[in-house]
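K.L.:
Could you look at this predicted model? Sequence included:
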Amino acid sequence: MNPIISASELASESAGGRPPVLLDVRWTLGGPPGRPAYEAGHLPGAVYVDLDAELAGPPGAGGRHPLPDPDAFGAAMRRAGVRADRPVVVYDGGLGWAAARAWWLLRWTGHPDVRVLDGGLAAWPGELSAEIPEPEPGDFAPVPGGLGLLDADGAAALARSGLLLDARAAERYRGDVEPIDRVGGHVPGARSAPTTENTAEDGRFLAADALRARFAALGAVPGAEVGVYCGSGVSGAHEVLALEIAGVPAALYAGSWSEWSADPARPVATGPDPE
């Protein structure tokens with residue numbers, strides 16, 4: 001199944017007899033909450049999901065956006081009307097990171113049919129609604145394990161035995177700057193693969209062939225053991241999604257650099273090379 005959906009495809013499906021559940025996951029790192037923008041206008045029928053409160057656990061030793069408790073996540077999804085037998089489409093403001101986080105969590109916890117609106121809200125050609133829906137509670141019961149997941153030790157090992165991709169900006173990978181976490185640099189052995197190179201200027205993903213070529217040049221080909229991390233497990237989910245489009249399954253190191261760098265005992269590499 002294609003993990004993304006175009007605006008025209010979504011419009012067609014939404015006009016059908018059983019439209020997909022729509023989740024609005026607008027969020028900006030360090031920016032204002034997405035709820036006011038949602039209330040001002042959203043796709044008709046879409047339910048707002050708060051990334052910090054519902055798609056992540058409390059910040060701490062596990063990073064800035066650790067995975068939420070599966071039971072709490074399941075309760076949030078049921079409140080949003082998510083059902084195991086009904087497709088889900090998630091979108092954000094256009095960057096795709098937050099929507100990909102929701103996609104990854106739902107797929108990791110066993111939902112079989114989740115797609116991201118390619119290009120986000122900006123790609124939607126129809127009218128928006130300010131009406132806040134009250135969906136019938138869903139029945140989704142999370143069963144973690146549907147996608148690959150790495151912890152810090154697993155990420156370190158994969159950087160040596162397979163391929164670990166760093167989805168942050170290249171300057172953070174090199175350690176030239178570090179605006180958020182304790183120290184700059186990267187996991188020793190990881191290769192730089194900025195998430196921003198997965199999309200065109202309008203936020204839409206590159207074609208599958210172009211993504212396959214991009215990742216193949218980094219060594220990420222079908223059959224390879226691939227993992228991804230970022231700053232806190234949000235943009236890394238976007239890279240996992242891009243790899244999925246390219247036909248390359250990849251595991252996510254959810255704690256990412258915010259967890260790795262918080263422990264002074266963990267090694268840090270700097271510069272443009274993996275080591």
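P.N.:
Cool, got the structure. Predicted model, so just to flag it, every value in this text is computed and none were measured.
K.L.:
Would you check how far apart Gly60 and Glu275 are?
P.N.:
30 Å (C-beta to C-beta, to the nearest Å). In short, each C-beta sits where N, CA and C put it, glycine included.
K.L.:
next one: Leu43
P.N.:
Distance, Leu43 to Glu275, by C-beta to C-beta: 46 Å.
K.L.:
Pick out whichever of those two has more residues nearby.
P.N.:
Leu43 (23 against 10; other C-beta atoms under 10 Å).
K.L.:
my read: the more buried one touches Pro20, true?
P.N.:
No - contact criterion C-beta atoms under 8 Å: Leu43 and Pro20 do not qualify, at 10.5 Å.
K.L.:
Where do the strands of the chain begin and end?
P.N.:
Applying DSSP state E to the chain gives strands spanning 4-5, 21-24, 47-48, 88-91, 114-117, 149-150, 163-166, 191-192, 226-229, 251-253.
K.L.:
tell me the most buried of the ones you listed?
P.N.:
Ranked by mean neighbour count, these are led by strand 226-229 with a mean of 28 (mean count of other C-beta atoms under 10 Å).
K.L.:
can you give me the mean pLDDT across that strand?
P.N.:
Across strand 226-229, pLDDT averages out at 98.
K.L.:
Give me the packing partners of it, helices and strands only.
P.N.:
helix 152-161, strand 163-166, helix 235-245, strand 251-253, helix 256-260 (3 or more C-beta pairs under 8 Å, 6 or more residues apart in numbering; DSSP states H and E).
K.L.:
ok, residues contacting the second one?
P.N.:
The set of residues external to strand 163-166 that reach it, using C-beta atoms under 8 Å, 6 or more residues apart in numbering, is 155, 158, 173, 186-187, 189-193, 218-220, 224-230, 239, 250, 253, 257.
K.L.:
Next one: Trp124 from Ala207, what distance?
P.N.:
According to C-beta to C-beta, Trp124 and Ala207 sit 21 Å apart.
K.L.:
Glu54 too?
P.N.:
As judged by C-beta to C-beta, Glu54 and Ala207 stand 32 Å apart.
K.L.:
And those two? Which one has more around it.
P.N.:
Between Glu54 and Ala207, counting by other C-beta under 10 Å, Glu54 is the more crowded of the two (20 against 12).
K.L.:
Run a quick neighbour tally on the closest residue in space to that one that isn't next to it in sequence.
P.N.:
Closest residue to Glu54 apart from its sequence neighbours, by C-beta to C-beta, 6 or more residues apart in numbering: Ala76 at 4.1 Å. Neighbour count of Ala76, defined by other C-beta under 10 Å: 18.
K.L.:
Contacts only, for Ala76.
P.N.:
By C-beta under 8 Å, 6+ apart, the residues touching Ala76 are 49, 54, 68.
K.L.:
just so I have it, where are all the helices in the protein?
P.N.:
Taking DSSP state H as the criterion, the chain contains helices spanning 7-14, 35-40, 51-54, 70-79, 97-108, 152-161, 170-174, 208-218, 235-245, 256-260.
K.L.:
any chance of those in JSON lines, plus distance to Ile180 and mean pLDDT?
P.N.:
As requested, the helices of the chain are exported to JSON lines (distance: least, C-beta to C-beta, whole Å; pLDDT from 0 to 100):
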{"stretch": "helix 7-14", "distance to Ile180": "32", "mean pLDDT": "94"}
{"stretch": "helix 35-40", "distance to Ile180": "23", "mean pLDDT": "95"}
{"stretch": "helix 51-54", "distance to Ile180": "15", "mean pLDDT": "95"}
{"stretch": "helix 70-79", "distance to Ile180": "24", "mean pLDDT": "98"}
{"stretch": "helix 97-108", "distance to Ile180": "14", "mean pLDDT": "98"}
{"stretch": "helix 152-161", "distance to Ile180": "18", "mean pLDDT": "98"}
{"stretch": "helix 170-174", "distance to Ile180": "9", "mean pLDDT": "97"}
{"stretch": "helix 208-218", "distance to Ile180": "24", "mean pLDDT": "98"}
{"stretch": "helix 235-245", "distance to Ile180": "12", "mean pLDDT": "98"}
{"stretch": "helix 256-260", "distance to Ile180": "7", "mean pLDDT": "97"}
